[in-house]
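>>> Only the shape, not the letters, is given here:
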């Protein structure tokens, strides 16, 4: 079942039965190298997570490492969900946005959009991003992008991305205490708060939006804010993600305020998982309500209640929540007739 | 599951979720009238097999005979597989290539491309094909063909086509002992070898490629070699077949050698069945490795292990292996989310 977070169900229902392009935005921030800050990958190999996720979604194989990324507790990547839907009811095409990767995915034939972007630095020391140029690249890409399908699902894989998203929102002067999710159940608040504090200490009062983003954000957030504005509502866009995608919208909001601009969001939405929507440690709805424009947001009420696989049950226990566009993928599956049973079975097949 | 024979999985994975045009190439060679040489049809009525196959794939009905072609042992035509996939997850369109048929299929509304080609003669006495003209017709068709979908699946139905393919490969001086499949489990080697010997005895040392093809080949092989070169990599093409389609590539290879030409095969692939890929009496991989260009080749691991229907079990026993694009059809089904269970059930429905 698809449930509404904000707005009516009509937008997403109007996409029922339609085929989508799945775009996966990948980037690395050295923030992820801070010990214990993220659960999204194998310790010491965290930087490989977006690379492996994209290889698995596209080909069903992980090529840049022997086994697919699992967290220390053994929570498998949400790429399993995204790939499972692709097997049952495929996206018409999968495209990759390389927004600064340490290791390029080893895939042929799939469209990989490259923009000459480097991984960003640790926000504790300053992310060192040319935010204005990066934002402009996003705008240009959105402007020139021609979708071959009826809509776009935009997912992301950025380890420690919830931390950079939170720093970004605070840096942009939103009141967002406790509104941000993490890939941990027991959010590592000590490490995260120390990182945030260090990151925010690099900001100066005179900074404009782009100065702030340059210091405390990540490539995915900034580029996609540009992408949304560049697309300019010309095609339905599903932001497939949780608090990170909400942060992309918060950036859009501030940039519009800066420019005195407006945005038509009638073709824009955010789709996430139940694990994010019901997360007690974050509040996606509160984040979306900070926006000065209306936004349709939904979650899939899919969970692993039909599974007895211990690794998958960890999702229901809040150990993992979202990523690699899993929420948008689940909603795409539901919009095309897939049942919770089928989806569960297909994902379980990967773990055999 | 889709498995690789040669090359990586990426090419075929990039077609996941996309819609295809299914082109069925039909022709008769009088070689099929040699008693016992082929199992692909009803004795005395073998020449009708391509006609009936095309009628059934397009309309679900056989019109030029009361019952659909069955072999003497009761193996149903692989057209059942191709049609079954079309019912579950349709090709966007089915088009017919009439490459020399004794009896035209009785179908309206479907595009039938005709080229004024006559059935070819028995290779034991000389096939009597104007190979250069036929090849040129293929090139022109490929050049001018505009695909309305994202890729093409090219299947064939040519009774005794494995024998003419083998004669062609040997005539073109490839070392192919035991590399060719047949529609028989117990390949009728006596009859086939006698036919091959007679066919090859008509060749003279001074013959060029087209002289050889004129004597020992069949229309489908020659035309499609031209078609591939004429298409010139402009759209993804799945050669849906086993050793016969491999032979088409062997012809392409020799023609390129003759002309000193090269081919970009990045959009070209061969897709076949498990029954061909695992056949102990033939070696599709060895055939493909004779090519001087790389080729992506795959098989569907679909089999009838979920069926208890005795006629279908004969496939798993090696009595029938491929034809009418069955392997490509199965891969198309899998690329669009069909399960082995669904496909099996749909094919069983035809036999009720």
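Cool, the structure landed. Keep in mind that what you see is a predicted model, and the values were worked out from it rather than measured. Residues are numbered from 1 along each chain as shown, chains lettered A, B, ... in the order given.
>>> Moving C-terminal from the longest helix along chain A, which element do we reach first?
If you go by DSSP state H, chain A has its longest helix at helix A:243-259. Remark: after helix A:243-259, the chain's next helix or strand is strand A:268-273, criterion DSSP states H and E.
>>> May I have the strands that pair with that following strand, each with its orientation?
strand A:237-240 (parallel), strand A:296-300 (parallel) (DSSP bridges).
>>> Would you mind listing the outside residues contacting the first one?
By Cβ atoms under 8 Å, 6 or more residues apart in numbering or on different chains, the surrounding residues in contact with strand A:237-240 are A:12, A:15, A:20, A:151-156, A:224, A:228, A:231, A:245, A:248-249, A:267-272, A:325-329, A:331-332. The C-beta positions use only the backbone N, C-alpha and C, and glycine is treated the same way.
>>> mind checking the SS state of the residue of chain A most remote from its centre?
Farthest-out residue of chain A from its mean C-alpha position, per Cα atoms, centre = their mean: residue A:206, at 29.9 Å. Of the three states, residue A:206 takes coil under DSSP: H, G, I helix; E, B strand; the rest coil.
>>> What does the pLDDT read for it?
On pLDDT, residue A:206 comes in at 96.
>>> can you pull out the helices in chain A?
With DSSP H, the ranges of helices along chain A come out as A:10-13, A:49-59, A:79-88, A:131-144, A:161-171, A:189-201, A:209-216, A:219-231, A:243-259, A:274-277, A:284-288, A:310-316, A:326-335, A:340-350.
>>> Next, format the ones you listed as JSON lines and append distance to chain B, mean neighbour count and mean pLDDT.
Shown next, in JSON lines, are the helices of chain A (distance: least, Cβ to the nearest Cβ, whole Å; neighbours: other Cβ atoms under 10 Å in any protein chain shown; pLDDT from 0 to 100):
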{"stretch": "helix A:10-13", "distance to chain B": "20", "mean neighbour count": "16", "mean pLDDT": "98"}
{"stretch": "helix A:49-59", "distance to chain B": "5", "mean neighbour count": "28", "mean pLDDT": "97"}
{"stretch": "helix A:79-88", "distance to chain B": "5", "mean neighbour count": "26", "mean pLDDT": "98"}
{"stretch": "helix A:131-144", "distance to chain B": "21", "mean neighbour count": "19", "mean pLDDT": "98"}
{"stretch": "helix A:161-171", "distance to chain B": "26", "mean neighbour count": "28", "mean pLDDT": "96"}
{"stretch": "helix A:189-201", "distance to chain B": "37", "mean neighbour count": "16", "mean pLDDT": "92"}
{"stretch": "helix A:209-216", "distance to chain B": "34", "mean neighbour count": "23", "mean pLDDT": "98"}
{"stretch": "helix A:219-231", "distance to chain B": "22", "mean neighbour count": "28", "mean pLDDT": "98"}
{"stretch": "helix A:243-259", "distance to chain B": "23", "mean neighbour count": "23", "mean pLDDT": "97"}
{"stretch": "helix A:274-277", "distance to chain B": "23", "mean neighbour count": "24", "mean pLDDT": "97"}
{"stretch": "helix A:284-288", "distance to chain B": "29", "mean neighbour count": "20", "mean pLDDT": "97"}
{"stretch": "helix A:310-316", "distance to chain B": "20", "mean neighbour count": "18", "mean pLDDT": "93"}
{"stretch": "helix A:326-335", "distance to chain B": "10", "mean neighbour count": "28", "mean pLDDT": "98"}
{"stretch": "helix A:340-350", "distance to chain B": "9", "mean neighbour count": "18", "mean pLDDT": "97"}
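>>> any idea of the pLDDT on the closest residue to residue A:90 other than its chain neighbours?
Nearest non-adjacent residue to residue A:90, counting by Cβ to Cβ, 6 or more residues apart in numbering or on different chains: residue B:17, 2.8 Å away. pLDDT for residue B:17: 98.
>>> Give me the phi and psi angles of residue B:17.
Residue B:17 adopts backbone torsions of phi 90, psi -10, taken as degrees, to the nearest 10.
>>> List the contacts of it.
The contact partners of residue B:17, by Cβ under 8 Å, 6+ apart, come to A:19, A:86, A:90-93, B:335-336.
>>> cool, residue A:291 as well?
By Cβ under 8 Å, 6+ apart, the contact set of residue A:291 is A:249-250, A:253.
>>> Same check on residue A:312?
Residue A:312 makes contact with A:76, A:304, A:344, A:347-348, A:351 under the criterion Cβ under 8 Å, 6+ apart.
>>> can the residues you listed go into TSV with extra columns for distance to residue B:112?
As requested, the contacts of residue A:312 are exported to TSV (distance: Cβ to Cβ, whole Å):
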residue	distance to residue B:112
A:76	51
A:304	51
A:344	46
A:347	44
A:348	46
A:351	49
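>>> residue in chain A nearest to chain B?
Closest residue of chain A to chain B, Cβ to the nearest Cβ: residue A:90 (2.8 Å).
>>> per-residue confidence at that residue?
Note on residue A:90: pLDDT of 98.
>>> which one of the contacts of residue B:17 sits closest to residue A:60?
Minimum distance to residue A:60 across the contacts of residue B:17 is 8.8 Å, recorded for residue A:86 (Cβ to Cβ).
>>> Centroid-nearest residue for chain A?
Note: chain A centre (Cα atoms, centre = their mean) maps to residue A:156, 3.7 Å.
>>> For that residue, list the residues it contacts.
Counting by Cβ under 8 Å, 6+ apart, residue A:156 touches A:24-27, A:220, A:224, A:240-241, A:244-245, A:323-325.
>>> give me that answer again for 7 Å
A:25, A:220, A:241, A:244 (Cβ atoms under 7 Å, 6 or more residues apart in numbering or on different chains).
>>> quick one: the strands in the stretch 1-150 of chain A?
Counting by DSSP state E, counting those that start in this stretch, one finds strands in the stretch 1-150 of chain A at the ranges A:2-6, A:20-26, A:93-98, A:111-114.
>>> sorry, back to before: please identify the most buried of the strands paired with strand A:268-273.
The highest mean neighbour count among the strands paired with strand A:268-273, using mean count of other Cβ atoms under 10 Å in any protein chain shown, belongs to strand A:237-240: a mean of 29.
>>> Can you give the distance from that one to the centre of its chain?
9 Å (Cα atoms, centre = their mean, to the nearest Å).
>>> What mean pLDDT does it get?
98.
>>> one step back: what is the most widely separated pair among the contacts of residue A:312?
Spanning the widest gap among these are A:76 and A:344, at 13.3 Å by Cβ to Cβ.
>>> residue contacts, the residue nearest to residue A:83 when sequence neighbours are not counted?
Closest residue in space to residue A:83, ignoring its immediate chain neighbours: residue A:57 at 5.1 Å, by Cβ to Cβ, 6+ apart. Counting by Cβ under 7 Å, 6+ apart, residue A:57 makes contact with A:24, A:79, A:82-83, A:86, A:94, A:324.
>>> One more pass at 8 Å, please.
Residue A:57 sits in contact with A:22, A:24, A:79, A:82-83, A:86, A:94, A:324, where contact means Cβ under 8 Å, 6+ apart.
>>> quick one: residue A:45 and residue A:52, what's the gap?
9 Å (Cβ to Cβ, to the nearest Å).
>>> about what we covered before: and which of the contacts of residue A:57 is nearest residue A:300?
Among these, residue A:82 lies closest to residue A:300 (Cβ to Cβ), at 12.2 Å.
>>> so residue A:22 touches residue A:155, yeah?
Yes. Here residue A:22 lies in contact with residue A:155, judged by Cβ atoms under 8 Å, at a distance of 6.8 Å.
>>> so what sits against both of those two?
Joint contacts of residue A:22 and residue A:155 (Cβ under 8 Å, 6+ apart) are A:82, A:325, A:329.
>>> and the closest residue to the first one other than its chain neighbours, what does it touch?
Closest residue to residue A:82 apart from its sequence neighbours, by Cβ to Cβ, 6+ apart: residue A:329 at 4.4 Å. Taking Cβ under 8 Å, 6+ apart as the definition of contact, the neighbours of residue A:329 are A:22, A:81-82, A:85-86, A:153, A:155, A:240.
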